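Enquirer: I would like the atomic coordinates for the input below:
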Amino acid sequence: MPQWLEIVLRTVCAVVVLFLMTKLLGKRQVTQLSFFEYLTGITIGSIAAYISLDLEANWYLGLVALGVWVGCSLLIEFLQIKSKKARDFIDFKSTVLIQGGKILEDNLKKEKLSTDELMQQLRKKDVFQVADVEFAIMESSGEINVLQKRESLPLTPKDLGIQVAPEKPGQVVIMDGEVLDEPLRVSGFNQGWLVEELDKQGTKIKDVFLAQVDTYGQLTIDLYNDQIPVPQNEERKLLYANLKKCQADLELFSLSTKSKKAKQMYEESSKKIEKILADVQPILKT
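Expert: This is a model prediction of the structure:
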C-alpha cells in the first residue's frame, strides 16, 4: 500500500475515533476545561497525530493509548462528581481577590495575577472602580466573577416596585427568507398573522433575512437589503397613549362637572384606567 494512502486511512480512522471519544467525554470537555482536562486535550491531540503519521509503529497501539487517556479522564470526572475532596484536589479552589472593595494582595500573588490583569478582568464585567466591588472571586477555571455592591448595581423594575410580565425565549420565525412553522406555532401564531404583520411594515416574507417574535408577540425583522429602513410597529405605544388620554379626559370631566355622582364616577373610572396602565406599561411601552 502506498504511504500516502496509508496516512489517509490512518488519519480518517483517528478522526472517527477522536470524534467518538470526544462525544463520550461530553460538552464540559470543550467548554469548561479543568487543568487535567486541558492536559488531556493536548495529549489526545498528540496521540491522534501519532496515529496518522508514525508509519513505523503499529497504529492500533495509538488507539490503545487514546482509549486509556479517555478512560482516565472519565474516571477523574466521575470522582469529581462524587467527591468534593476529589474536586478540590484535582481542580483548583476558588480564591477571593476582592472583598468589601479591598484587594487581597496575598491572594493576588498566590494566583500570580498582576493588578493590570485584575483590572482588565473587572472591566470585562463592566466594573471600573474597585471600590464598587463587594466580592471578586477567581474560579477554578480561571474566570473571575464579580458581585458589585448593592448601591452600585443598576436599578431594576423590582427595586422600583414595578411588576413586569414573565420573559420567554424569543422565537425565530423567518430565517433566510423561509418561514419556520414550528417556532411560529410555539409563539401562538400562524402564517396568516405573520403575513399581516409584515404588511403593516411594508414588506414581504421573501425580503426578510431574519424575523423574531418576542415574549409579548412583537415581530422584529431584518431585511436582506440593509439600505431599506425598517418601520417600527407603533401600535402598542399608540394604544398606551390612547389609554393615557382617556384617563386625562376622565380627570378633566370630574373637575368640570357639578354633579357629585358624576364626579365620583369619573374619578373611579380614572383610577381604574390608572391601575390598568400600571399593569400593562411593561408590555405596551417595549
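
Enquirer: so where's the stretch 101-250 of the chain uncertain?
Expert: For the stretch 101-250 of the chain, the stretches with pLDDT under 70 are 157, 160, 162-167, 227-238.

Enquirer: Quick one: the helices in it, in order.
Expert: Using DSSP state H, counting those that start in this stretch, the helices found in the stretch 101-250 of the chain span residues 105-110, 115-124, 181-186, 191-200, 235-256.

Enquirer: I'd like those as CSV, with mean neighbour count appended.
Expert: Just so you know, the C-beta spots here come from the backbone N, C-alpha and C atoms, and that holds for glycine as well. Converted to CSV, the helices of the stretch 101-250 of the chain look like this (neighbours: other CB atoms under 10 Å):
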stretch, mean neighbour count
helix 105-110, 12
helix 115-124, 14
helix 181-186, 14
helix 191-200, 14
helix 235-256, 14
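
Enquirer: I'd like those helices as CSV, with distance to Thr43 appended.
Expert: Listed next are the helices of the stretch 101-250 of the chain as CSV, based on distance: least, CB to CB, whole Å:
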stretch, distance to Thr43
helix 105-110, 28
helix 115-124, 28
helix 181-186, 42
helix 191-200, 52
helix 235-256, 57
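
Enquirer: between the ones you listed, which gets nearest to Leu5?
Expert: Nearest to Leu5 among these is helix 181-186 (45.4 Å), distances taken as CB to CB.

Enquirer: list the helices and strands that closest one packs on?
Expert: Secondary-structure packing of helix 181-186 (3 or more CB pairs under 8 Å, 6 or more residues apart in numbering; DSSP states H and E): strand 171-175, helix 191-200.

Enquirer: Tell me which of the helices of the stretch 101-250 of the chain sits nearest to Val8.
Expert: helix 181-186 (40.8 Å).

Enquirer: residues making contact with the closest one?
Expert: Under the criterion CB atoms under 8 Å, 6 or more residues apart in numbering, residues 171-173, 190-191, 194, 213 lie in contact with helix 181-186.

Enquirer: ok, the residues you listed vs Gly41, which is closest?
Expert: Comparing the contacts of helix 181-186 against Gly41 with CB to CB places Val172 closest, at 32.8 Å.

Enquirer: who's in contact with the closest one?
Expert: 180, 183, 210-212.
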